[in-house]
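Colleague: next input, structure requested:
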Amino acid sequence: MKSSSIIFTKYAKTSFAISALAYVIASPTWAACTYKVTNNWGSGFTGEITVTNDTTSTVNGWSVSWQESGVSVTNAWNATLSGANPYTASALGWNATLAPKASASFGFQANGTAGAPKVSGSLCGATTSSIASSKTSTSVVSSSIASSRAVSSSKASVTSSSKSSSSAATSSVPKSNSSSSLPTTSSFTIQEEQAGFCRVDGIATENTNTGYTGNGYTNSNNAQGSAIVWAVDATTSSRHTLTFRFANGGTTNRNGSLLINGGSNGNYTVQLPATGSWTTWQTASIEIDLVQGNNNVQLSSLTADGLANIDSLKIEGAQTKAGACSNVASSSSSSVSSVAKSSSSSSSSSLSNTGTLLTLDGNPAASWLTKSRTKWNASRADIVLSYQQTNGGWPKNLDYNSVSAGSGGSDSGTIDNGATITEMVYLAEIYKTGSNTKYRDAVRRAANFLVSSQYSTGALPQFYPLKGGYADHATFNDNGMAYALTVLDFAANKRAPFDTDVFNDTDRAKFKTAVSKGTAYILKAQWKQNGVLTVWCAQHGATDYLPKKARAYELESLSGSESVGVLAFLMTQPQTAEIEKAVRAGVAWFNSPNTYLDGYTYDSSLAATNPIVKKAGSKMWYRFYDLNTNRGFFSDRDGSKFYDITQMSEERRTGYSWGGSYGNSIIPFAQKVGYL
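Modeller: Residues are numbered from 1 along each chain as shown. Below you'll find the model as predicted:
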């Protein structure tokens, strides 16, 4: 996206030692643009930048830039991020217009040590020049910032293949404090189907169009989410430059989402613009962080046209070599040549969207959403709004009937325990009945939070920005991902309470894509027990789809509780052959006498002794089942596993729900729609 208000920075080369470099930055008075660190954990931090319109006229569209030495911004929310130090953030559609004295804020997450950089932009006041201090002032690298010129909003620097790579805005040479020597750098290139090339959703080696290097180029499927995956082994954890050689004979950008190790070490956007023809090759470079050892590098299409054709991937920086692909999920990769891409190619999807739509009446996920519309009294709307984080999410476990007004905040938002998605549905209902745009805008921010948090695989984490640990996994726990996808599906299809102008067609198209990706993830994650499809764990790896443990007493398992929500969501979707197969297997698992305990119920009031008690006509499902034997179990704080709940510590017996009538909410609905 081009905008005359986007700031650009042009670098000039010098022949002096790297330690002598300094930067001349155009520095405004900063009166209307503020930068603050909102959370700092040493090796990384989150920040917030606020832009205020101090002029006397309404402004439509804004952007700001900033530079911070030794810092790598990995993601942002409530703005479009581009560049690679300096970074540029541009307004989204819903926060682009600022009336006089109005403000807009966006947040970001970064690796490195937080500093206090100055922010520049057309709304940041009059500019003056200043020079950053340097112990050696032999030379400087000149920078100029001008709001009158436009640049691409890509996070990658794109150059023609005939130009020197030194013209890129990002450098593969790390900064050094020594004037006598530079760190050793290397250049390593991975060609299609060579060591380090792991998989592609499409054709691994195609040679229809000329101009490629090696044996050909990689042609991904014409579908959003189609991916190419490489593995890179790094000798040290350090900054590297990735350079993609590509050709795009279409008429529009075929940008890609770049995830390093599933997003845990970086989530970027690589811009792959039209090159004029499929035989015209260019390069796109981007600075990223690799960790010591094996790294998974995945580039996934952000458009229905798929990626540009990729000829090679070059890695520059500290010593690297081909990594191991053993942990990379397989795909429909093929090395059989096919028709080359063209701008008129029709888009396709790995998951068909044709199939029977079931009634939503009685669907547990739809019923939850309906109840959420009036979760709180309408008089509490401003209280609910006051707790929304700057990233669009909410914290969890808030009872807005008893709390006082909040002050927002910039911590990670969450979908755990229904947070964010419940508030989003509730405020959409408030807007529907009252048309107050502040509630509409809050719903839009929440939707952007959900879409921004989604991995390229379709998984949704428990918290966003990512916090590390088990919270980064795809979280089915407490129905988080299943119900979040249900909300996005209702919004995409203009179902109440989203049957207003709260979203436009562009928004709804994004939601449809997110739902499609989430559905595909769920189908891949469904556990096979002795070759037979069953259900899901409470959390799965975001990129390997495997069951994962959470807290010490939440082991890898099949979940009798969370799998209900997953099945309920799948039953809101068109019942394609793939979905029908998954649903039938899940319903059969719940309905099997080998799964439920017949004639028993779970009574939490008796947890101090034995909460599993006999009750005629009742059925009880365990919270956790062994992945391979399907035997219900319990576990203690030390990770020990028990099959007799009375053998556990009393603290864990009384402090957790180990069983329930979970299947009773999905089996009747499955019977109603003909699955039983």
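Colleague: where does the nearest residue to residue 79 once chain neighbours are set aside sit: helix, strand or coil?
Modeller: Leaving aside its sequence neighbours, residue 79 sits nearest to residue 106 (CB to CB, 6 or more residues apart in numbering; 3.6 Å). Heads up, the C-betas are built off the backbone N, CA and C, glycines and all. At residue 106 the chain is in strand, as set by DSSP: H, G, I helix; E, B strand; the rest coil.
Colleague: quick one: stretch 102-113 to chain centroid distance?
Modeller: Offset of stretch 102-113 from its chain centre (CA atoms, centre = their mean, to the nearest Å): 16 Å.
Colleague: what's next to it, contact-wise?
Modeller: 38, 42-53, 62, 68, 70-79, 81, 89, 91, 95, 98, 265-266, 289, 390-391, 410, 465-466 (CB atoms under 8 Å, 6 or more residues apart in numbering).
Colleague: using PDB, write out every CA atom in that stretch.
Modeller: What follows is stretch 102-113, C-alpha atoms only, in PDB (Å, rounded to 0.1, in the frame of the first residue of the first chain):
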ATOM      1  CA  ALA A 102      -8.000  12.900  18.600                       C
ATOM      2  CA  SER A 103      -5.400  10.100  19.100                       C
ATOM      3  CA  ALA A 104      -4.700   6.600  17.800                       C
ATOM      4  CA  SER A 105      -2.400   4.100  19.500                       C
ATOM      5  CA  PHE A 106      -0.800   0.900  18.300                       C
ATOM      6  CA  GLY A 107       1.400  -1.600  20.100                       C
ATOM      7  CA  PHE A 108       4.300  -3.900  19.100                       C
ATOM      8  CA  GLN A 109       6.500  -6.600  20.400                       C
ATOM      9  CA  ALA A 110      10.300  -6.700  20.000                       C
ATOM     10  CA  ASN A 111      13.400  -8.700  20.800                       C
ATOM     11  CA  GLY A 112      16.300  -6.800  22.300                       C
ATOM     12  CA  THR A 113      16.900  -4.200  25.000                       C
END
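Colleague: and the average pLDDT for that stretch is what?
Modeller: Per-region confidence: stretch 102-113 scores 84 on mean pLDDT.
Colleague: from the contact counts, what lies against the longest helix anywhere in the chain?
Modeller: Secondary structure of the chain read by DSSP state H shows that its longest helix is helix 505-525. Judged by 3 or more CB pairs under 8 Å, 6 or more residues apart in numbering; DSSP states H and E, helix 505-525 is in contact with helix 437-453, helix 480-492, helix 562-570, helix 577-590.
Colleague: strands paired with the very next helix or strand once past that helix, and their directions?
Modeller: Later in the chain than helix 505-525, the nearest helix or strand by DSSP states H and E is strand 528-529. Sheet pairing of strand 528-529 (DSSP bridges) gives strand 532-533 (antiparallel).
Colleague: by contact count, what packs against the helix or strand following the strand it pairs with?
Modeller: Using DSSP H and E, the helix or strand that follows strand 532-533 towards the C-terminus is strand 539-540. Judged by 3+ CB pairs under 8 Å, 6+ apart, the packing partners of strand 539-540 are strand 474-475.
Colleague: same for the strand it packs on, what does it pack against?
Modeller: Counting by 3+ CB pairs under 8 Å, 6+ apart, strand 474-475 packs on strand 539-540.
Colleague: neighbouring contacts of the strand it packs on?
Modeller: 459, 462, 470, 473-477, 525, 546-550.
Colleague: after it, next one along is what?
Modeller: With DSSP H and E, the next secondary element past strand 539-540 is strand 558-559.
Colleague: thinking again about what came up before, may I have the longest helix of the chain as PDB, with CA atoms only?
Modeller: The C-alpha trace of helix 505-525 is given here as PDB (Å, rounded to 0.1, in the frame of the first residue of the first chain):
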ATOM      1  CA  ASP A 505     -16.700  -6.700   3.000                       C
ATOM      2  CA  THR A 506     -12.900  -6.600   3.200                       C
ATOM      3  CA  ASP A 507     -13.100  -7.400   6.900                       C
ATOM      4  CA  ARG A 508     -15.500 -10.300   6.300                       C
ATOM      5  CA  ALA A 509     -13.200 -11.700   3.600                       C
ATOM      6  CA  LYS A 510     -10.300 -11.700   6.200                       C
ATOM      7  CA  PHE A 511     -12.500 -13.500   8.700                       C
ATOM      8  CA  LYS A 512     -13.500 -16.100   6.100                       C
ATOM      9  CA  THR A 513      -9.800 -16.800   5.500                       C
ATOM     10  CA  ALA A 514      -9.100 -17.000   9.200                       C
ATOM     11  CA  VAL A 515     -11.900 -19.500   9.700                       C
ATOM     12  CA  SER A 516     -10.800 -21.600   6.700                       C
ATOM     13  CA  LYS A 517      -7.200 -21.700   8.000                       C
ATOM     14  CA  GLY A 518      -8.400 -22.500  11.600                       C
ATOM     15  CA  THR A 519     -10.600 -25.300  10.200                       C
ATOM     16  CA  ALA A 520      -7.800 -26.800   8.200                       C
ATOM     17  CA  TYR A 521      -5.600 -26.700  11.400                       C
ATOM     18  CA  ILE A 522      -8.200 -28.500  13.400                       C
ATOM     19  CA  LEU A 523      -8.600 -31.300  10.800                       C
ATOM     20  CA  LYS A 524      -4.800 -31.800  10.800                       C
ATOM     21  CA  ALA A 525      -4.600 -31.900  14.500                       C
END
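Colleague: for residue 38, which non-adjacent residue is closest in space?
Modeller: residue 410 is the one closest to residue 38 (CB to CB, 6+ apart), at 3.5 Å.
Colleague: check contacts around that neighbour.
Modeller: Neighbours of residue 410 in contact, by CB under 8 Å, 6+ apart: 38-39, 46, 48, 107, 389-391.
Colleague: same thing but at 10 Å, please
Modeller: 36-39, 46-48, 77, 105, 107-108, 389-391, 465 (CB atoms under 10 Å, 6 or more residues apart in numbering).
Colleague: buried ones from these, can you make that a PyMOL selection?
Modeller: Per 16 or more other CB atoms under 10 Å, the buried members of the contacts of residue 410 correspond to this PyMOL selection:
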select buried, resi 38+39+46+47+48+77+105+107+108+389+390+391+465
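Colleague: tell me the one among the contacts of residue 410 nearest to residue 406.
Modeller: Using CB to CB, residue 389 comes nearest to residue 406 of the contacts of residue 410, at 9.6 Å.
Colleague: how about a markdown table for the contacts of strand 539-540, with pLDDT and neighbour count added?
Modeller: Listed next are the contacts of strand 539-540 as a markdown table, based on pLDDT from 0 to 100; neighbours: other CB atoms under 10 Å:
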| residue | pLDDT | neighbour count |
| --- | --- | --- |
| 459 | 97 | 28 |
| 462 | 97 | 28 |
| 470 | 95 | 17 |
| 473 | 97 | 27 |
| 474 | 97 | 29 |
| 475 | 97 | 28 |
| 476 | 98 | 29 |
| 477 | 96 | 23 |
| 525 | 97 | 24 |
| 546 | 96 | 15 |
| 547 | 97 | 19 |
| 548 | 97 | 20 |
| 549 | 96 | 17 |
| 550 | 96 | 18 |
